[in-house]
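Build me a model from this:
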Amino acid sequence: MSEEVKLPQKRYYRQRAHANPFSDHQLDYPAKPEDMDWTRHYPEYYPAKEGQEQKKVEFADIGCGYGGLLISMAKEFPDNLMLGMEIRTKVEDYVYERIKALRVQEPGYYQNVSIMRMNAMKFLPNFFEKGQLSKMFFLFPDPHFKQRKHKARIISPTLLAEYAYALRVGGVLYTITDVKDLHEWMVKHLDDHPLFERMSDEECEKDPAVPHVREATEEGKKVARNQGDKYLACYRRIEDPFYSQA
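Prediction:
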């Protein structure tokens with residue numbers, strides 16, 4: 001059976017590089033996190049077996065593209081459920097079929113990763129409870145070069161408030177891009193936010209997720225082939241300074 005199942009071919013799932021996050025996409029989403037049925041995504045873990053604690057998604061790859069990060073990290077972090085969020089239909093279909101095939105080809109592996117079609121700029125709080133996530137990834141996001149399009153960038157003051165809500169204290173938010181202007185934009189907004197603290201370069205290099213962040217995605221591999229620059233910034237979620245003083 002495992003030998004008969006083949007991985008999907010990417011050429012049949014190609015779609016334009018980015019989608020408009022403000023368009024009225026037809027998406028299914030729960031009214032609140034506890035209404036979400038994760039059985040389709042993690043059948044080995046949902047529902048929890050008798051006597052076991054129910055696992056929850058801990059890693060979220062926002063705009064996960066063709067799933068390179070998820071697949072790369074699945075074996076290194078076998079105890080963590082990871083979810084890719086992708087707004088493009090064909091791309092989501094490709095990653096879903098890829099994960100299904102890998103589960104058959106390598107029994108016991110890749111049960112901890114999945115993908116859903118979702119607009120994280122609108123519906124993130126519908127899926128995740130406060131402090132549920134320990135890692136959030138924003139890898140090679142759409143730079144939205146034009147000034148009037150900057151409001152569509154995935155890192156903004158408003159969206160950072162939602163990310164801070166979903167990310168637990170001590171959790172890490174990862175950003176990487178080959179566009180220096182976008183890197184500076186993301187760093188500025190994260191530096192200005194009171195609930196995020198930038199990690200030193202030394203701390204980032206010791207993080208076992210960082211090699212995957214740099215090299216695992218399709219975009220990261222393309223930048224490497226073209227010998228381009230990659231700008232990495234990692235931020236730790238910290239306690240609310242005003243709350244801790246109260």
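
okay, CA-based contacts and neighbour counts for the rest of this
Will do.

for this protein, what's the longest helix?
For the chain, the longest helix by residue count, based on DSSP state H, is helix 89-105.

Next secondary structure after that helix?
Next helix or strand after helix 89-105 toward the C-terminus (DSSP states H and E): strand 113-117.

Packing partners of that following strand?
Counting contacts by 3 or more C-alpha pairs under 8 Å, 6 or more residues apart in numbering; DSSP states H and E, strand 113-117 packs against helix 68-73, strand 81-86, helix 89-105.

I'd like to know the average pLDDT value across the last one.
What that stands for is helix 89-105. Helix 89-105 shows a mean pLDDT of 94.

And stretch 154-163, by the same measure?
Stretch 154-163 comes out at a mean pLDDT of 94.

Run through the neighbouring helices and strands of the longest strand along the chain.
Ranked by residue count, the top strand of the chain under DSSP state E comes out as strand 167-177. Other helices and strands packing on strand 167-177, by 3+ C-alpha pairs under 8 Å, 6+ apart, are strand 133-139, helix 180-192, helix 210-215, strand 231-237.

which residues make contact with stretch 62-77 from outside it?
Outside of stretch 62-77, the residues within contact range by C-alpha atoms under 8 Å, 6 or more residues apart in numbering are 61, 82-87, 91-92, 94-95, 99, 109-110, 112-114, 120, 136-139, 141, 209, 212-213, 216-218.

my read: Pro47 touches Arg40, true?
No - using C-alpha atoms under 8 Å, Pro47 is not in contact with Arg40; the gap is 10.5 Å.

Between those two, which has more neighbouring residues?
Shown here are Pro47 and Arg40; by other C-alpha atoms under 10 Å, Pro47 has more neighbours (15 against 9).

Buried ones in stretch 44-60, by neighbour count?
Going by neighbour count (16 or more other C-alpha atoms under 10 Å), the buried part of stretch 44-60 is 45, 56-60.
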